[in-house]
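give me coordinates for this.
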Amino acid sequence: MKVHVAAKQLGVTPRALRFYEEKGLLKPRKEEENGYRDYSEDNINQLRWIIALRELGLPVTAIGKVLEALALDVEQTDPAGSDNFIRQADEVRAELYAEWIEQGRRLQALDRSIAVWRSQQSAPDLEAAESSTLQLKQSRIERMTWSDRWHYDELALVHGQDAPLAALASELTLKQYENALLQIVEWLDPRPQESGLELGAGTGNLTALLIAQGAVVTAIEQSQEMLAVLRARLPAAEPRLGNLLTLPVSGPSYRFIASSFAFRHLEPNQLLLALIEADRVLLPAGRLAIADRHDTVSPLRRWLEEHNYSIVTEILDGGLMLLYAVKP
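Numbering: from 1, shown residues only. Predicted coordinates for the structure are as follows:
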């Protein structure tokens with residue numbers, strides 16, 4: 001199939017096909033005598049993927065990685081291990097959400113600056129813009145400097161669904177760990193079909209308890225290997241790659257948020273950013289339950305009180321604290 005015929009069939013321009021070729025996304029056969037491109041059925045199918053992924057907002061560089069992952073899955077003989085495409089799509093989704101959320105923060109900062117400028121009688125004040133941009137910059141640096149220093153991918157590969165407990169083995173017994181999870185579920189008391197979000201879901205130990213109550217759970221986890229265990233273990237869950245500082249969620253969507261032993265991985269100045277993100281996606285009257293070390297949970301209380309959350313705390317065995325809060 002020649003380039004103009006292929007372009008017409010796909011609803012794009014010949015220039016677009018040549019662009020995708022230049023970027024290395026496909027390699028049509030070229031006729032030796034004249035150099036004309038000849039698009040095979042495999043080329044057309046690959047182009048359909050490229051066009052669909054572009055419409056979904058993926059940049060060209062990301063499309064190349066997604067197509068490579070798709071090719072690996074096609075070659076896999078074990079269906080259970082063929083999740084390269086999903087993993088790559090998860091990564092792209094997390095990146096797109098991060099960009100989208102950052103643009104939203106910029107718009108909010110611009111709105112604040114415009115409000116200040118409108119209130120001024122003289123020419124627009126540069127300090128208003130600099131103040132807003134400084135806050136944006138500091139927030140962006142905090143989010144970008146977060147990293148997994150605990151090697152949870154390796155833990156998941158070695159310990160499977162027991163990886164979270166293996167990470168906590170030096171601090172907690174199995175009984176203390178399980179009791180903390182049960183207390184979260186008891187306080188949240190999820191109803192059937194109620195939408196919930198779990199932050200730092202790990203391999204899905206708390207997720208499983210919430211789903212057993214009938215809740216519809218979206219599980220956020222930063223480790224691909226942890227997420228792979230959760231996905232295989234709990235097909236009813238909605239797993240999403242992401243971290244607590246930039247949640248891959250567009251807006252208020254959840255009736256409750258749960259988290260166990262995830263906030264401890266944040267620096268003190270990142271705890272507030274994570275709590276702001278949780279507040280962003282929690283619906284009015286939504287419930288929040290966090291179990292972690294006392295020194296991790298206590299600093300969260302002040303911000304919640306300042307934002308009119310109703311709060312209860314409970315001391316748990318093992319030096320743990322459970323914080324339960326209801327959004328106004």
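
make it CA atoms for all contacts and neighbour counts henceforth
OK.

can you name the next helix or strand after whichever strand in the chain runs longest?
Assignment by DSSP state E gives strand 282-293 as the longest strand of the chain. Next helix or strand after strand 282-293 toward the C-terminus (DSSP states H and E): helix 294-306.

show me the contact partners of that next one.
Helix 294-306 has contacts (C-alpha atoms under 8 Å, 6 or more residues apart in numbering) with 263-264, 271-272, 275, 290-291, 310-311, 319-323, 325.

narrow those to those that are buried.
Buried members of the contacts of helix 294-306, scored by 16 or more other C-alpha atoms under 10 Å, are 263-264, 271-272, 275, 290-291, 311, 320-323, 325.

quick one: which of those residues sit in strands?
290-291, 311, 320-323, 325.

need these in TSV (columns: pLDDT).
TSV is the format used below for these (pLDDT from 0 to 100):
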residue	pLDDT
290	98
291	97
311	97
320	96
321	96
322	97
323	97
325	98
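
and which of these is nearest to residue 200?
When those are compared for distance to residue 200 (C-alpha to C-alpha), residue 290 wins out at 10.9 Å.

distance of that closest one from residue 210?
Using C-alpha to C-alpha, to the nearest Å, one gets 14 Å for the distance from residue 290 to residue 210.

helices and strands of this protein: which one bottoms out on pLDDT?
helix 126-144 (a mean of 71; mean pLDDT, DSSP states H and E).

give the contact list for the residue positioned nearest the centre of the chain.
The chain has residue 242 as the residue nearest its centroid, 2.7 Å off, counting by C-alpha atoms, centre = their mean. Contact analysis of residue 242 by C-alpha under 8 Å, 6+ apart lists 94, 220-222, 248.

so what's it closest to, chain neighbours aside?
Sequence neighbours aside, residue 222 is the residue nearest to residue 242 in space, at 4.8 Å (criterion: C-alpha to C-alpha, 6 or more residues apart in numbering).

and that neighbour, how many neighbours?
22 (other C-alpha atoms under 10 Å).

give the contact list for it.
Counted by C-alpha under 8 Å, 6+ apart, residue 222 has contacts 200, 241-243.

so which of these comes closest to residue 70?
For those, the nearest to residue 70 is residue 241 (18.1 Å; C-alpha to C-alpha).

low-confidence ranges in the protein?
76-82, 135-136, 138-148 (pLDDT under 70).

got the residue ranges for the helices in it?
3-10, 14-22, 41-55, 60-75, 84-119, 126-144, 152-159, 163-168, 174-188, 205-212, 224-233, 268-281, 294-306 (DSSP state H).

now do the buried residues in the last one.
Neighbour-count burial for helix 294-306 flags 294, 296-297, 300-301, 304 (criterion: 16+ other C-alpha under 10 Å).

please apply the same query to the fifth one.
Buried positions in helix 84-119, judged by neighbour count with 16+ other C-alpha under 10 Å: 84-85, 87-98, 101-102, 109-110, 113, 117.

who's in contact with residue 159?
With C-alpha under 8 Å, 6+ apart, residue 159 has these contacts: residue 166.

mind checking how far it is from residue 260?
Distance, residue 159 to residue 260, by C-alpha to C-alpha: 18 Å.

returning to that earlier point: could you dump the contacts of residue 222 to a markdown table with distance to residue 53?
Formatted as a markdown table, these follow (distance: C-alpha to C-alpha, whole Å):
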| residue | distance to residue 53 |
| --- | --- |
| 200 | 28 |
| 241 | 18 |
| 242 | 20 |
| 243 | 24 |
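
pull the most distant pair out of those residues.
Applying C-alpha to C-alpha across these, the maximum distance is between 200 and 241, 9.7 Å.

give me the domain ranges for the chain.
3-80, 84-144, 152-326 (automatic domain parsing).

distance to residue 63 for the buried ones among the contacts of helix 294-306 - can I get that in a markdown table?
Formatted as a markdown table, those follow (distance: C-alpha to C-alpha, whole Å):
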| residue | distance to residue 63 |
| --- | --- |
| 263 | 33 |
| 264 | 35 |
| 271 | 34 |
| 272 | 34 |
| 275 | 33 |
| 290 | 37 |
| 291 | 39 |
| 311 | 45 |
| 320 | 44 |
| 321 | 44 |
| 322 | 43 |
| 323 | 42 |
| 325 | 41 |
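
can you report how many residues lie near the closest residue to residue 44 other than its chain neighbours?
Of all residues not flanking residue 44 in the chain, residue 6 sits nearest, at 7.3 Å (C-alpha to C-alpha, 6+ apart). Using other C-alpha under 10 Å, residue 6 has 21 other residues around it.

so who does residue 24 touch?
Contacts of residue 24 by C-alpha under 8 Å, 6+ apart are residue 64.
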